[in-house]
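>>> Have a look at this prediction, sequence included:
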Amino acid sequence: MATRSTEFQIIGDDDDRPRRGHPLLRVLAILLLLVVAYPMYVWFVDRVEVRANELLVLIKKTGRTIPAEFGDQVVLSSEVVKAVAAKTGRTEAQVREGTKGIQYEVLREGRYFKSPIFYQREKIPTTLIPEGKFGVLIRRYGRALRAGKTVATDPFERGPVAGTLPPGRHDVNRFAYDVQLFDKIVVPEGAVGVQTVLSGPEPKDPNEYIVKRGERGVQPDVLSPGTYFDKNPFEVHVDVVDLRSQKYDMLREDAIEFPSADGFTIHLEATVEWSIYADRVPYVTVEIGDLSDVVAKVIRPYAMSLARIQGSKMTARESIGAREAFQRRLFDDLRRKCGEQGVQIKAATVRDLKPPEEIRSIIRERELADQIITKYENEIAEAHARAQLVEQEELALQQQAVGDANKDVVSLTVNAEQAAAVAVTQANQRLEVARLGLEAARKQAEAILARGQADAKVVRFDYEAKAEPLRAAVAAFGDGYAYARNTFLQKVAPAIRRVLTNTEGPFADIFREFQGAAPPSGASTPKR
């Protein structure tokens, strides 16, 4: 009984314990939870939406740190990854996955799933450089630049980076770089840009003003007029130098005073037109400076010294009328001296060159007296000139009258000669016509005579031709009488026959009366 009771009690205790779910059900519940929770985690926690004009920068939280020997490196650039891989013997992929720090590559617009457990996700704006400007990258990590360098040429150096960013959009990792904007460099027409390289190898000859191309210092090549976006101000400094004509006026307080040969002070006011030789611009920029330095260091000192030299060669009185000669000498000397410094003097105009007032008043009075004397002399000369003019006018009128008379004589002579020549020409023409007419008449007469002789011969030959048969006929009858009688009979016989045979008419009436009458004896009756 006790045993059964114990078993019962045991069984009863088991029944009294709280019932637990089946292990399979718990697994299924966990799986269901994971299936539902994981997509929600991925979608709401891991998902990062990068909108337009945004970039995503990932900062890896886990892994090893970059070795200190690479300097203050906090960005995993490709150069850093390669250096760490080479140092540690790992692959670049292993270094990239197993090192914490800022990822160099940025992600552009789109949807990304990056766990916040492993990455710190930072969205930054893109870099937009407006028109008319350019940008320069300033690296924020790496070793500091050593002395003498102005740009970072090594990927492990911190500071301005060589090169520029043109206007437009650039996907710059702002955790790795800052972007500093600069205005575009404009070299206008009539100017050039002098380049001074700030970062580069030391010049081989440090005593030269102009270094070799690419060395640190002022370059021999200049920039022609145009717009430049590729000149990094940390690499190259550009000074725009105007090559157009400049004017320097030495007037009023800037006028020059110098002593004359006799000790008087002469006041000089002038204007100098000048420019810089295009092939000497770098030298002028280094040796002298900008345009104001050219005036202060070259043009004015030379003008003052040369004016003193020229002024010491003349007295105060000579200076009054010597402005043009003084200007010519000053211009020649100033052009030669300034040309040696690379400055071209185009003109030097002396506006005023005057001695002290006390000298000028004396000279002015003397000049006034000279002018009065010259005035009277001019009036006398003018009176002489007028008298000579009247005499010349009368002489001219007389000569004109003689000339007109000579013209009339010449005209009459010429007209008479021309008329005589015309008359002789006409007479010769008429004589020639008459001679030609006579010759033609003679030729015509000869032609008529020849034609008459020919006609006469023709008539004679015609008559001879007609007479020859008659002569032969006469000779045949013995004499002309016999021939004439024969001819007559031949002509008359047919007519008589017709008359005699015709029974009509008055002639037949005569014979009709004799019809019936006996014919005379011995006569025969005619036959019809």
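Sure, I can see it.
>>> low-scoring pLDDT stretches of the stretch 301-450 of the chain, where are they?
The model of the stretch 301-450 of the chain has pLDDT under 70 over residues 321, 356-364, 366.
>>> Could you do the chain as well?
For the chain (pLDDT under 70), the answer is 1-22, 70-72, 321, 356-364, 366, 495-528.
>>> who's in contact with the most centrally placed residue in it?
Centroid check for the chain by Cα atoms, centre = their mean gives Glu189 as the closest residue, at 16.3 Å. Counting by Cβ atoms under 8 Å, 6 or more residues apart in numbering, Glu189 makes contact with Pro225. Yep, even glycine has a C-beta here, placed from its N, CA and C like the rest.
>>> Tell me the secondary structure of it, please.
coil (DSSP: H, G, I helix; E, B strand; the rest coil).
>>> Does the helix ranked longest in the chain pack against any helices or strands, and if so which?
Assignment by DSSP state H gives helix 357-477 as the longest helix of the chain. With contacts defined as 3 or more Cβ pairs under 8 Å, 6 or more residues apart in numbering; DSSP states H and E, helix 357-477 has these neighbours: helix 316-320, helix 480-501.
>>> and if we set it to 10 Å?
strand 265-276, helix 316-320, helix 480-501 (3 or more Cβ pairs under 10 Å, 6 or more residues apart in numbering; DSSP states H and E).
>>> Of all these, which one is nearest Met40?
Nearest to Met40 among the helices and strands packed on helix 357-477 is strand 265-276; the distance by Cβ to Cβ comes to 74.9 Å.
>>> Could you pull out the buried residues of the closest one?
Residues 266, 268-270, 272, 274-276 are the ones in strand 265-276 that count as buried (16 or more other Cβ atoms under 10 Å).
>>> Return the list of strands paired to it, each annotated with direction.
strand 246-250 (antiparallel), strand 256-259 (antiparallel), strand 343-354 (antiparallel) (DSSP bridges).
>>> continuing past that strand, what's the next helix or strand?
helix 281-287 (DSSP states H and E).
>>> Give me the contact list for that following helix.
For helix 281-287, the external contacting residues (Cβ atoms under 10 Å, 6 or more residues apart in numbering) are 191-196, 208-211, 217-222, 239, 241-243, 276-277, 280, 290-291, 293-294, 297-298, 341-343.
>>> just to revisit the earlier point, from Val84, how far out is the residue nearest to the centre of the chain?
53 Å (Cβ to Cβ, to the nearest Å).
>>> re earlier: just the contacts of helix 281-287: which are in helices?
291, 293-294.
>>> and which of these is nearest to Pro166?
Leu291 (31.2 Å).
>>> My guess is that closest one contacts Ile276. True?
Yes - counting by Cβ atoms under 10 Å, Leu291 does reach Ile276; the two are 8.1 Å apart.
>>> overlap in contacts of these two?
With Cβ under 10 Å, 6+ apart, Leu291 and Ile276 have common neighbours 241-242, 246, 284.
>>> Buried members of those residues into PyMOL, please.
Per 16+ other Cβ under 10 Å, the buried members of the shared contacts of Leu291 and Ile276 correspond to this PyMOL selection:
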select buried, resi 241+246+284
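>>> Check the shared contacts of Leu291 and Ile276 and tell me the two furthest apart.
Spatially, the most separated pair among the shared contacts of Leu291 and Ile276 is Gln246 and Val284, at 12.5 Å (Cβ to Cβ).
>>> who touches both of the two?
Common neighbours of Gln246 and Val284 (Cβ under 10 Å, 6+ apart) are 276, 291, 294, 343.
>>> Take the residues you listed and write them to JSON lines, including distance to Glu253.
Below are these laid out as JSON lines (distance: Cβ to Cβ, whole Å):
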{"residue": "Ile276", "distance to Glu253": "26"}
{"residue": "Leu291", "distance to Glu253": "20"}
{"residue": "Val294", "distance to Glu253": "20"}
{"residue": "Val343", "distance to Glu253": "23"}
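>>> Widest-spaced pair of these?
Checking those with Cβ to Cβ, the most distant pair is Leu291 and Val343, at 10.2 Å.
>>> who has more neighbours, the two?
Neighbours around Leu291 and Val343, counted as other Cβ atoms under 10 Å, are more numerous at Val343. The numbers are 25 against 16.
>>> how close does that one get to Val295?
10 Å.
>>> intersection of neighbour lists for the two?
246, 272, 274, 288.
>>> buried stuff in stretch 220-238?
Buried, per 16+ other Cβ under 10 Å, within stretch 220-238: 222-223, 229, 231-238.
>>> Next: stretch 163-182.
Neighbour-count burial for stretch 163-182 [16+ other Cβ under 10 Å]: 164-165, 167, 172-177, 182.
>>> For that stretch, list the C-alpha coordinates in CSV.
The C-alpha trace of stretch 163-182 is given here as CSV (Å, rounded to 0.1, in the frame of the first residue of the first chain):
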residue,chain,number,x,y,z
GLY,A,163,45.4,69.3,-59.5
THR,A,164,42.1,71.0,-59.6
LEU,A,165,38.4,70.2,-59.9
PRO,A,166,36.5,71.8,-62.7
PRO,A,167,33.0,73.3,-62.4
GLY,A,168,30.3,70.6,-62.0
ARG,A,169,29.4,67.8,-59.6
HIS,A,170,32.1,65.8,-57.8
ASP,A,171,31.6,62.9,-55.4
VAL,A,172,34.1,63.9,-52.8
ASN,A,173,34.3,62.0,-49.5
ARG,A,174,34.1,65.0,-47.1
PHE,A,175,35.5,62.8,-44.2
ALA,A,176,38.7,62.4,-46.3
TYR,A,177,38.8,65.8,-48.1
ASP,A,178,37.8,69.4,-47.8
VAL,A,179,37.2,71.3,-51.0
GLN,A,180,38.4,74.9,-51.3
LEU,A,181,36.9,77.0,-54.1
PHE,A,182,38.8,79.6,-56.1
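>>> could the buried residues of strand 265-276 go into JSON lines alongside distance to Lys149?
Shown next, in JSON lines, are those (distance: Cβ to Cβ, whole Å):
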{"residue": "Ile266", "distance to Lys149": "57"}
{"residue": "Leu268", "distance to Lys149": "52"}
{"residue": "Glu269", "distance to Lys149": "52"}
{"residue": "Ala270", "distance to Lys149": "49"}
{"residue": "Val272", "distance to Lys149": "43"}
{"residue": "Trp274", "distance to Lys149": "39"}
{"residue": "Ser275", "distance to Lys149": "37"}
{"residue": "Ile276", "distance to Lys149": "32"}
